[in-house]
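Q: Show me the folded form of this:
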Amino acid sequence: MNWNAALPDDWESRVRSALASVRDDLAHGALRPLGAGMESVALRLDAPGGDGGTPFVLRFPRNEDGAEGIACEAALLPELAGHLPLPIPQFAFTAPNPLGPGKFCCYPAVPGESLPEEEWHRRGLLDEPAPIRRVAALIDAIHAFPTGRARELGVPEWDPRAEFGESLALLRAEVVPALPSGESRVLLAAFETYLGDDSCFDYEPVLIHADISLDHLLVTGTDVTGLIDFGDTAIGDPDYDLCYLWSETGPAFIRRLQELRGVPFTDGLERKLRFWELADAAEDVLHGIEHGLSEFRDQSLALLRGLLAERASSGRPDES
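A: Residues are numbered from 1 along each chain as shown. Purely as a prediction, here's the structure:
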């Protein structure tokens with residue numbers, strides 16, 4: 001959660017009024033922004049009195065997708081928590097969102113701090129033995145949650161072929177015309193190769209977090225002590241829980257992670273991860289266009305063009 005989102009001038013009074021309607025004891029605590037993602041904005045709430053107790057996190061959906069995510073988390077996380085080896089958010093309550101659609105959630109902060117990718121590398125955490133073991137155990141435990149029960153709790157099914165097919169149509173219309181011909185060929189080839197490869201969709205659907213990134217793995221010292229942001233949770237391809245880590249940590253870390261999990265690192269897995277890295281940047285461009293976020297669109301387009309140029313120069317333009 002690192003995309004800056006401007007809060008309305010009266011955000012604090014709105015939030016305090018919403019808190020007072022549910023938990024008046026929290027309505028006078030200290031509030032400060034924590035960060036923002038594409039779907040939600042997070043605030044930290046310290047209880048009144050400054051007694052040093054556990055702070056709370058408040059997450060406010062920015063759009064309908066964010067509202068649906070929080071509703072899904074509210075149903076799933078109480079049961080999922082008992083299946084996982086580390087703490088995850090446990091909602092104290094949800095209430096009508098004073099800053100947007102749906103409901104906002106409030107939960108005691110999960111132990112640890114959220115670190116950006118650069119800090120993980122600076123501290124050498126990817127080379128420490130504990131974090132990679134924790135990540136392996138977390139992924140396996142999430143995937144082991146009963147899929148049928150996840151469906152009963154309202155977790156949505158993810159159809160990557162349909163989703164990326166829709167994205168390809170939008171990219172053809174809105175992004176490809178603005179790219180140099182060489183970059184557009186690489187982009188189209190990657191999507192078409194992935195969508196046309198039946199092996200990419202030959203998997204047993206399981207519960208996935210769908211957003212395991214370094215900033216969502218909370219750190220204390222040199223260990224991972226919690227996992228947050230389950231708003232994108234779905235039933236889908238288990239390999240997708242590696243996609244953001246692939247981009248942030250690199251192939252060597254993912255190979256070690258798979259070895260710990262007892263899961264082979266195959267050429268097919270690598271092709272999917274390389275495609276998802278590209279597709280994530282492309283879908284961020286589309287998100288920026290759809291929601292009028294010009295700065296975010298431009299940053300995402302620069303990242304996308306960098307990936308396309310890298311693949312064009314590698315001689316493997318259709319690495320999906």
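Q: Over to the closest residue to Pro108 other than its chain neighbours: give its phi and psi.
A: With sequence-adjacent residues excluded and distances taken as CB to CB, 6 or more residues apart in numbering, Pro108 is closest to Thr54, at 4.8 Å. Backbone N, C-alpha and C define where each C-beta goes, glycine included. Here is the backbone geometry of Thr54 (degrees, to the nearest 10): phi -60, psi 120.
Q: What's the local residue count around Thr54?
A: As a burial measure, Thr54 scores 10 neighbours (other CB atoms under 10 Å).
Q: Confirm for me that it is in contact with Ala109.
A: Yes. Applying CB atoms under 8 Å as the test, Thr54 and Ala109 come out as touching, 5.9 Å apart.
Q: And the pLDDT for the spatially most central residue of the chain?
A: Of all residues in the chain, the one closest to the mean position by CA atoms, centre = their mean is Asp211, 2.7 Å from it. The predicted structure scores Asp211 at 96 on the pLDDT scale.
Q: Would it be right to say that it lies in a strand?
A: No. Assessed with DSSP: H, G, I helix; E, B strand; the rest coil, Asp211 is coil; it does not lie in a strand.
Q: quick one: contacts for it?
A: Residues near Asp211 by CB atoms under 8 Å, 6 or more residues apart in numbering: 229-232, 244.
Q: Closest one to Glu79 out of the residues you listed, please.
A: Set against Glu79, the nearest of the contacts of Asp211 by CB to CB is Phe230 (12.1 Å).
Q: Kindly provide the distance from the residue nearest to Pro108 to Gly29.
A: Shown here: Thr54 relative to Gly29, a distance of 12 Å by CB to CB, to the nearest Å.
Q: pLDDT on the biggest helix by length in the chain, on average?
A: Selection of the longest helix in the chain by residue count, based on DSSP state H, yields helix 267-290. This predicted structure assigns helix 267-290 an average pLDDT of 96.
Q: residue boundaries of the strands in the stretch 201-320 of the chain?
A: According to DSSP state E, counting those that start in this stretch, the stretch 201-320 of the chain carries its strands in the segments 206-208, 217-220, 223-227, 234-236.
Q: for the stretch 1-150 of the chain, what are the low-confidence residue spans?
A: For the stretch 1-150 of the chain, the stretches flagged by pLDDT under 70 are 1-5, 49-52.
Q: which residues of it fall in helices?
A: Under the criterion DSSP state H, counting those that start in this stretch, the stretch 1-150 of the chain contains helices at 11-20, 64-80, 117-123, 129-144, 147-152.
Q: And stretch 61-77, what's buried?
A: Of the residues in stretch 61-77, 61-62, 65-74, 76-77 count as buried by neighbour count, 16 or more other CB atoms under 10 Å.
Q: Stretch 27-42 now?
A: By neighbour count, with 16+ other CB under 10 Å as the criterion, the buried positions of stretch 27-42 are 27, 29, 31, 34-42.
Q: got a list of contacts for that stretch?
A: Residues external to stretch 27-42 that are found in contact with it (CB under 8 Å, 6+ apart): 1-5, 7, 12, 15-17, 19-20, 43-48, 50, 56-63, 65-66, 69-70, 99, 114, 229, 231-232, 284, 287.
Q: May I have stretch 63-79 exported as CSV, CA atoms only?
A: Taking Å, rounded to 0.1, in the frame of the first residue of the first chain, the C-alpha atoms of stretch 63-79 are listed here in CSV:
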residue,chain,number,x,y,z
ASN,A,63,-14.0,2.4,-4.9
GLU,A,64,-16.4,-0.5,-5.3
ASP,A,65,-13.6,-3.1,-5.7
GLY,A,66,-12.2,-2.0,-2.4
ALA,A,67,-15.5,-2.2,-0.7
GLU,A,68,-16.1,-5.8,-2.0
GLY,A,69,-12.6,-6.7,-0.8
ILE,A,70,-13.2,-5.6,2.7
ALA,A,71,-16.6,-7.3,2.8
CYS,A,72,-14.9,-10.5,1.7
GLU,A,73,-12.2,-10.1,4.3
ALA,A,74,-14.8,-9.6,7.0
ALA,A,75,-16.3,-13.0,6.2
LEU,A,76,-13.0,-15.0,5.6
LEU,A,77,-10.4,-13.7,7.9
PRO,A,78,-11.9,-14.9,11.3
GLU,A,79,-11.8,-18.5,10.0
